[in-house]
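*Asks:* Quick one: sequence plus predicted model below, questions after.
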Amino acid sequence: MTAHHTHLDTELGQLLVSADEGALTGLYFPHHWRMPPAERLGEEAADPLFDETAVQIAQYLRSERQTFELPIRLIGDDFQQKVWRLLEQIPYGVTTTYGELADQLGNKALAQTVGKAVGDNPISIIVPCHRVVGSDGSLTGYAGGLQRKRTLLELEEGPSVRLF
């Protein structure tokens with residue numbers, strides 16, 4: 001099957017989900033900052049992968065799931081790939097900062113560049129970019145909007161949000 005997409009209704013609003021060759025390639029909020037080109041979305045089509053994505057997102061939003069078991073394919077340059085791999089390692093209920101991610105990449109001065117890569121994350125929620133906060137713990141930009149970021153962090157908070 002070629003690139004295709006659908007819309008999922010969730011408690012966070014309608015999400016646009018895309019896939020190609022059996023893997024998710026995108027999960028976008030309404031008014032997302034950076035939408036992929038139309039050819040990467042393909043036609044709207046049904047797919048069992050979309051059904052399973054809807055189930056797992058619903059479970060996550062009901063606090064019944066902390067990790068996702070979905071095939072994903074992140075499309076981006078080498079630096080973005082490195083940052084997104086770090087995002088995937090941030091545990092549920094834990095936050096980190098852009099500077100700490102840059103430090104893990106070997107250069108704390110890359111914090112702004114890391115921030116851009118985090119903002120370009122094409123698979124929101126599943127690749128948990130919402131777990132990255134400002135150096136002072138403040139909520140910073142989120143492609144789904146700060147209220148959604150706050151909602152996701154509160155959902156994961158449990159007793160307290162810890163730094164990664």
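*Replies:* Nice, thanks for sending it over.

*Asks:* which residues in this structure form helices?
*Replies:* 38-41, 48-61, 78-89, 98-104, 111-119, 146-157 (DSSP state H).

*Asks:* The fourth one packs against which elements?
*Replies:* Helices and strands touching helix 98-104, by 3 or more C-beta pairs under 8 Å, 6 or more residues apart in numbering; DSSP states H and E, are helix 78-89, helix 111-119. (C-beta placed from N, C-alpha, C; glycine too.)

*Asks:* right, so those: which one is the most enclosed?
*Replies:* helix 111-119 (a mean of 19; mean count of other C-beta atoms under 10 Å).

*Asks:* how about the residue nearest the centre of the chain, what does it touch?
*Replies:* Among the residues of the chain, the one closest to the centroid is S124, at 2.2 Å (C-alpha atoms, centre = their mean). Neighbouring residues of S124 by C-beta atoms under 8 Å, 6 or more residues apart in numbering: L15, L27, Y28, F29, H32, H130, A143, G144.

*Asks:* residues in contact with the second one?
*Replies:* By C-beta under 8 Å, 6+ apart, L27 lies in contact with L15, L16, V17, S18, T53, P122, I123, S124, I125, I126.

*Asks:* In strands, which of these appear?
*Replies:* L15, L16, V17, S18 (DSSP state E).

*Asks:* Which residue ranges make up each domain of the chain?
*Replies:* Following automatic domain parsing, one gets these domains for the chain: 4-61, 78-163.

*Asks:* Can you lay out those domains as a markdown table showing distance to F68?
*Replies:* Converted to a markdown table, those look like this (distance: least, C-beta to C-beta, whole Å):
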| stretch | distance to F68 |
| --- | --- |
| domain 4-61 | 5 |
| domain 78-163 | 5 |
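
*Asks:* how much space between the residue nearest to the centre of the chain and F50?
*Replies:* Separation of S124 from F50 (C-beta to C-beta, to the nearest Å) stands at 15 Å.

*Asks:* now do I126
*Replies:* According to C-beta to C-beta, I126 and F50 sit 13 Å apart.

*Asks:* Same question for L41.
*Replies:* 13 Å.

*Asks:* same check, this time on F68
*Replies:* Counting by C-beta to C-beta - F68 and F50 are separated by 14 Å.

*Asks:* swap in A3?
*Replies:* 13 Å.

*Asks:* where do the contact lists of the two overlap?
*Replies:* Both A3 and F50 are in contact with A19, where contact means C-beta under 8 Å, 6+ apart.
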